[in-house]
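1. no sequence for this one, just the structure:
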DNA sequence: TCCTACATGTTATATCATAACGGTCAGCGG
DNA sequence: CCGCTGACCGTTATGATATAACATGTAGGA
């Protein structure tokens, strides 16, 4: 199960371990992983690619977990705030975090063809943005680092 | 007129020189800097901060240059395709390019309070994303590199 | 002149996101 | 036990961002 890349891996395991990790974090920080939130995270983990809020909402709706937009957006807000998921700004879509537990600045390689996303685990305190911020006195709150393109499989296809 | 930062500078000059550069590029590449496109670029240069498509549309509308969304979006598409402007994904907003002529991978420091944007001039072929892409065989078409936070002035305020 | 390519004008609609309000339920102090 | 409080959820409505589709205009070359 590599940390970065478009490889096959033990997907069942990565779903289970991420959910377990999320539960542990919630217990520790007094956060509540309610049914809607938990199911939303499961959906993101199942798909293993970027999903729009309305894609998720449709699945939740089919399962009787709410069918109005705020249901999905609230769950996604919770997951992103807790660090369990990230928003892909370049696609207006959401994805489960692949490095739960690591204190990281997420960076993504996003295939525009199949929407598969690889999350690179980078550090907060180095890199161009951090250097530029330091030299100008800018205080970074959040970073968006994304590369859009074609994954190896879609290049061949 | 620094290339990066939240400094004061000779703004009149940077508007004029960027417009002149854009005209030169259009002449060379057989692109047409029509009135709507030119005015849209001027508006972005005047403001010197990220503007939403509908903000621009309102100004264009006041001046009789069109009042339906496609007018603004088409002009912005042209400007971004030509490299005269960039989209700030984290804000769904647009800004004039600060490094016209340089072959660059834009990176931005964006103040969420005053919406001022500093554009850092980085290179395409280095950095974390490029390394990650190389190691996985991913073909990058476009990058989004943005830091959202507070500029020095807004931190003090 | 006509044709073609590109640009523009316009209507309608798709897509993404949030405001606002009321209902439900668990935990807790009186 | 009771009622308060705070977090969550359900719902309606609306706001914000973006594009599809088609008609019209216009510059420049065959």
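-> Nice, thanks for sending it over. Predicted, not measured: the structure shown is a model, and the values here were computed from it.

2. The longest helix along chain A vs DNA strand D: in contact?
-> Secondary structure of chain A per DSSP state H: the longest helix is helix A:11-29. No: counting by Cβ under 7 Å from any atom of the strand, DNA strand D is not contacted by helix A:11-29; separation bottoms out at 9.2 Å. Where you see a C-beta, it was placed from the backbone N, CA and C, and this is true even at glycine.

3. Kindly report the residues of chain A close to chain B.
-> A:4-6, A:89-90, A:107, A:109, A:111-112, A:118, A:120, A:122, A:127-129, A:132-133, A:135-152, A:155 (Cβ under 8 Å from any Cβ of the partner chain).

4. could you say which helix or strand contains the nearest residue to residue A:114 once chain neighbours are set aside?
-> Leaving out its chain neighbours, the residue that sits closest to residue A:114 by Cβ to Cβ, 6 or more residues apart in numbering or on different chains is residue A:154, at 5.6 Å. For residue A:154, the element it lies in under DSSP states H and E is helix A:152-156.

5. which outside residues touch that helix?
-> If you take Cβ atoms under 8 Å, 6 or more residues apart in numbering or on different chains as the criterion, helix A:152-156 is touched by A:6, A:111, A:113, A:114, B:136, B:137, B:138, B:139.

6. mind listing what's buried in it?
-> Going by neighbour count (16 or more other Cβ atoms under 10 Å in any protein chain shown), the buried part of helix A:152-156 is residue A:154.

7. again, but for stretch A:30-39
-> Quick answer for stretch A:30-39 (16+ other Cβ under 10 Å): A:31, A:33, A:36, A:37, A:38, A:39.

8. Columns pLDDT on top of these, output as TSV?
-> Shown next, in TSV, are those (pLDDT from 0 to 100):
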residue	pLDDT
A:31	94
A:33	96
A:36	96
A:37	97
A:38	97
A:39	97
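
9. Which of the residues you listed fall within helices?
-> Counting by DSSP H, the part of these found in helices is A:36, A:37, A:38, A:39.

10. wait, which of those residues is closest to DNA strand D?
-> DNA strand D lies nearest to residue A:36 out of those, by Cβ to the nearest atom of the strand, at 4.1 Å.

11. What parts of chain A come near DNA strand D?
-> Near DNA strand D, the residues belonging to chain A are A:31-32, A:34-37, A:65-71, A:74-75, A:78 when assessed by Cβ under 7 Å from any atom of the strand.

12. wait, which of those is closest to residue B:60?
-> Using Cβ to Cβ, residue A:69 is the member of the residues of chain A next to DNA strand D that lies nearest residue B:60, at 30.6 Å.

13. Please report the distance of the spatially closest residue to the closest one that is not a sequence neighbour from residue A:93.
-> Sequence neighbours aside, residue A:57 is the residue nearest to residue A:69 in space, at 6.3 Å (criterion: Cβ to Cβ, 6+ apart). With distances taken as Cβ to Cβ, to the nearest Å, residue A:57 is found 13 Å from residue A:93.

14. Those two: who's more crowded?
-> Legend: neighbour count by other Cβ atoms under 10 Å in any protein chain shown for residue A:57 and residue A:93, higher for residue A:57 (23 against 20).

15. surely that one meets residue A:70?
-> No: between residue A:57 and residue A:70 there is no contact, the gap being 9.5 Å when judged by Cβ atoms under 8 Å.

16. what's near enough to touch residue A:38?
-> A:19, A:22.

17. hmm, back to that, and the residue nearest to residue A:114, how far is that from residue B:107?
-> Distance, residue A:154 to residue B:107, by Cβ to Cβ: 26 Å.

18. Please pick the buried ones from the residues of chain A next to chain B.
-> Buried, going by 16+ other Cβ under 10 Å: A:4-6, A:89-90, A:107, A:109, A:111, A:118, A:120, A:122, A:127-129, A:132-133, A:136, A:138, A:140, A:143-151, out of the residues of chain A next to chain B.

19. Closest to residue A:22 out of the buried residues of stretch A:30-39?
-> Nearest to residue A:22 among the buried residues of stretch A:30-39, counting by Cβ to Cβ, is residue A:33 at 6.2 Å.

20. ok, the spatially closest residue to that closest one that is not a sequence neighbour - contacts?
-> Nearest residue to residue A:33 in three dimensions, chain neighbours excluded: residue A:26, at 4.6 Å (Cβ to Cβ, 6+ apart). Contact analysis of residue A:26 by Cβ under 8 Å, 6+ apart lists A:32, A:33, A:82.

21. do the same with residue A:106
-> For residue A:106, the contact set (Cβ under 8 Å, 6+ apart) comprises A:86, A:97, A:99, A:119, A:120, A:121, A:122, A:143, A:145.

22. ok, 6 Å please
-> By Cβ atoms under 6 Å, 6 or more residues apart in numbering or on different chains, the contact set of residue A:106 is A:86, A:119.

23. Ramachandran angles for it?
-> The phi/psi pair for residue A:106 (degrees, to the nearest 10) reads phi -70, psi 140.
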